[in-house]
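S.K.: Fold the following for me, if possible:
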Amino acid sequence: MLPSPQILRQLRQLSRELKAAHSGADLHGRVSNFDAWMDRASAADDSATGYDHAQTVKEYYDLCSQLMVFGWSESLHFAPLSPHETLEESQVRHQRLMIDKLELHEGMTVIDVGCGIGGPMRRVVQEAGVRVVGINNNDTQLDRAKALSAEAGIDHMIDYLACSFMDMSAIADNTMDRGYAIESTCHAPDKAGAFAEIYRVLKPGALLWGQEMCLTDVFDPDDTQHQALRQELMRGIALREIATFGEVNRDLEAAGFEVIEGIDRAVVENGPSTPWYQPMENRQGTVGSVMLRIPAGRKLLMWLSRLTETVGVFPKGSAEVIDLLDRTARAYVAGGRTGIFTPLYCFLARKPL
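M.R.: Numbering: from 1, shown residues only. Purely as a prediction, here's the structure:
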């Protein structure tokens, strides 16, 4: 079946974005290097490999950002899904929960730790009226965030800082009223160190919301299938390690935070719910699924990419990036189905007065 006119328009837009982002790049070599770097990440002797996890994460988002947005949304995070909503509507509901938990109000300055292309950031500015400082070490994502915020007419409310959240030395101590980190500190080479740096920049009494990718209590380290899934998830999401709920809480407390609540929000709290991984598995559960989300769509896009790379419609090697994301999606689904993994461990913590 041929793609619909709407999908064809989306593909033309994707082609322009991929060519702008990867003009002259050796995508085949970069995907191979990424795989090799993730092999190093699992090596026992880090000092012998000279492995730099922050650089690996940066390369991961350089390779994948355009396709992630095409296949998911401008908010590159998971949310508890309702069968009566689109993915995007569920994400908005989840972001509003965060705004409520953080008790945001006009006049505050909030730090977005790992802002991506700024989907949640724009929601926070538009609905809470706060100023936001967006932290990201990926120039491609920052440029897209700036352009989208300018389109929304809120760029005057946002400051951008191109740096690692492991070292935000450009921000003075005790200056941020609130903070949030959505699926970002899971990439930290040292989670306790990341939380300590966030702790430093927050004012005393400030609240921090976080959303972490975690292993659940179902995970059995002696189960070979569980261990294989864990490795595939780490490779597909560029994670150095996958923490448990307890490890996240301990790292927060080691940094000095008081943990107010920690909840796996994999399901909707009040009302019917759809598994968080459903959009990557089939069209059931959420409406409005787009081409790259479901397995058949990913295979079709991979086929189209291979077919058209030779004539320059897509940059050569694009199909390999799509294959990387397909492997990742399959790992997400397997991790969710077995119950060993969740991307929705949400915590609320406070820096004591």
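S.K.: For the rest of this, base every contact and every neighbour count on C-alpha atoms.
M.R.: Fine.
S.K.: Output the contacting helices and strands for the helix ranked longest in the chain.
M.R.: Across the chain, the longest stretch assigned as helix under DSSP state H is helix 318-338. Applying 3 or more CA pairs under 8 Å, 6 or more residues apart in numbering; DSSP states H and E, we find helix 318-338 packed against helix 27-41, helix 53-71, helix 224-237, helix 295-309, strand 341-350.
S.K.: Try it again at 10 Å.
M.R.: helix 5-22, helix 27-41, helix 53-71, helix 224-237, helix 295-309, strand 341-350 (3 or more CA pairs under 10 Å, 6 or more residues apart in numbering; DSSP states H and E).
S.K.: what does the first one contact?
M.R.: Surrounding helix 5-22, the residues in contact under the criterion CA atoms under 10 Å, 6 or more residues apart in numbering are 2-4, 23, 25, 62-67, 69-70, 140, 290-291, 301, 304-305, 312-318.
S.K.: low-confidence ranges in this structure?
M.R.: Applying pLDDT under 70 to the chain flags the ranges 1-4, 43-50, 283-292.
S.K.: and the longest strand for it?
M.R.: Scanning the chain for the strand with the most residues, using DSSP state E, yields strand 202-215.
S.K.: Just want the angle from it to helix 224-237.
M.R.: 130 degrees (axes from the mean of the first three to the mean of the last three CA atoms, to 10 degrees).
S.K.: which SSE is residue 112 in?
M.R.: Assigned by DSSP states H and E, residue 112 belongs to strand 109-113.
S.K.: related to what we said a few turns ago, from the contacts of helix 5-22, list the buried ones, please.
M.R.: 62-67, 70, 140, 290-291, 301, 305, 313-318 (16 or more other CA atoms under 10 Å).
S.K.: circling back: I'd like the next helix or strand past the strand holding residue 112.
M.R.: That would be, after strand 109-113 and using DSSP H and E, helix 119-128.
S.K.: Tell me the gap between that following helix and the middle of its chain.
M.R.: Mean-position distance between helix 119-128 and its chain equals 17 Å (CA atoms, centre = their mean, to the nearest Å).
S.K.: what's that helix packed up against?
M.R.: Going by 3+ CA pairs under 10 Å, 6+ apart, helix 119-128 lies up against helix 87-102, strand 109-113, strand 131-136, helix 139-151, strand 158-162, strand 176-182.
S.K.: what comes up buried for it?
M.R.: Neighbour-count burial for helix 119-128 flags 119, 120, 121, 122, 123, 124, 125, 128 (criterion: 16+ other CA under 10 Å).
S.K.: now the residues you listed in a markdown table, with distance to residue 97?
M.R.: As requested, these are exported to a markdown table (distance: CA to CA, whole Å):
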| residue | distance to residue 97 |
| --- | --- |
| 119 | 15 |
| 120 | 12 |
| 121 | 14 |
| 122 | 15 |
| 123 | 12 |
| 124 | 11 |
| 125 | 14 |
| 128 | 12 |
